[in-house]
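1. next one to model:
(chains A and B)
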Amino acid sequence: DTGVSQDPRHKITKRGQNVTFRCDPISEHNRLYWYRQTLGQGPEFLTYFQNEAQLEKSRLLSDRFSAERPKGSFSTLEIQRTEQGDSAMYLCASTETSGRVPDTQYFGPGTRLTVL
Amino acid sequence: QKEVEQDPGPLSVPEGAIVSLNCTYSNSAFQYFMWYRQYSRKGPELLMYTYSSGNKEDGRFTAQVDKSSKYISLFIRDSQPSDSATYLCAMSLSGTYKYIFGTGTRLKVLA
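-> Numbering: from 1, shown residues only, chains lettered A, B, ... in the order given. This is a model prediction of the structure:
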């Protein structure tokens, strides 16, 4: 399978715990995006990387959230001191820089987070 | 007011019907318009995109953009039960790669 993969697919945690999600983009895709999707809503942009550089962050990304892409390949999204309001599907997408606008964003299956 | 508005549905149609899905938006600077399909518990997959105004056709799917009315549509001809999913519109500004999504319309095609 050469699509975007995310791990874990499901995570249940208690309020106050830290969680970390991983995204593996399609090989050689140099842009990587994180979105959050709650029930009945469309995905909301959180942040994106061009290679290892984090170029844009949404105001939704509070200081409890941090994302990294250390070698320009996989990315991690960490949430510290989780709150019940963090319960959502966290989606990762990747694109290649093709010069074609818009670059097609390929989404992974998502990580569903439940905070008890 | 949200930047992108989309009726959440659900929309139920019989198999073979023509389906019309719509989004309105408030930011006249949006240049790129996308339609994604999302099956339950899956990530969104891109169906079509259009740039600026006009129509684009791909098989049973037709996307329309009317920038003067700030209104976009996706038409599905000869709808199939396998088309049952949530359809998300998304838009972006020229020079940015951030997509703004609608809430999605849940479609059910009844056999």
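
2. for chain B, what lies in contact range of chain A?
-> By Cβ under 8 Å from any Cβ of the partner chain, the residues of chain B that approach chain A are B:4, B:6, B:8, B:32, B:34, B:36, B:41-46, B:49, B:51, B:88, B:90, B:92, B:94, B:97-104. For glycine as for every other residue, the C-beta is placed from the backbone atoms N, C-alpha and C.

3. let's see it at 10 Å
-> Contact residues, chain B versus chain A (Cβ under 10 Å from any Cβ of the partner chain): B:2, B:4, B:6, B:8, B:31-34, B:36, B:38, B:41-46, B:49, B:51, B:86, B:88-92, B:94-104, B:106.

4. so where do the strands sit in chain A?
-> With DSSP state E, the ranges of strands along chain A come out as A:5-7, A:10-13, A:19-24, A:31-37, A:44-50, A:53-57, A:65-68, A:75-79, A:88-95, A:106-107, A:111-115.

5. who wins for proximity to chain B among those strands?
-> strand A:106-107 (3.3 Å; Cβ to the nearest Cβ).

6. who touches that closest one?
-> Under the criterion Cβ atoms under 10 Å, 6 or more residues apart in numbering or on different chains, residues A:2-4, A:6, A:25-26, A:29, A:33, A:35, A:37, A:43, A:91-96, B:36, B:38, B:42-46 lie in contact with strand A:106-107.

7. now the buried members of the residues of chain B next to chain A.
-> Buried by 16 or more other Cβ atoms under 10 Å in any protein chain shown: B:4, B:6, B:31-34, B:36, B:38, B:43-46, B:49, B:86, B:88-92, B:96-104, B:106, out of those.

8. among these, which ones are in helices?
-> Among those, no member is found in helices (DSSP state H).

9. just want the phi and psi numbers for B:G104.
-> phi 100, psi 140 (degrees, to the nearest 10).
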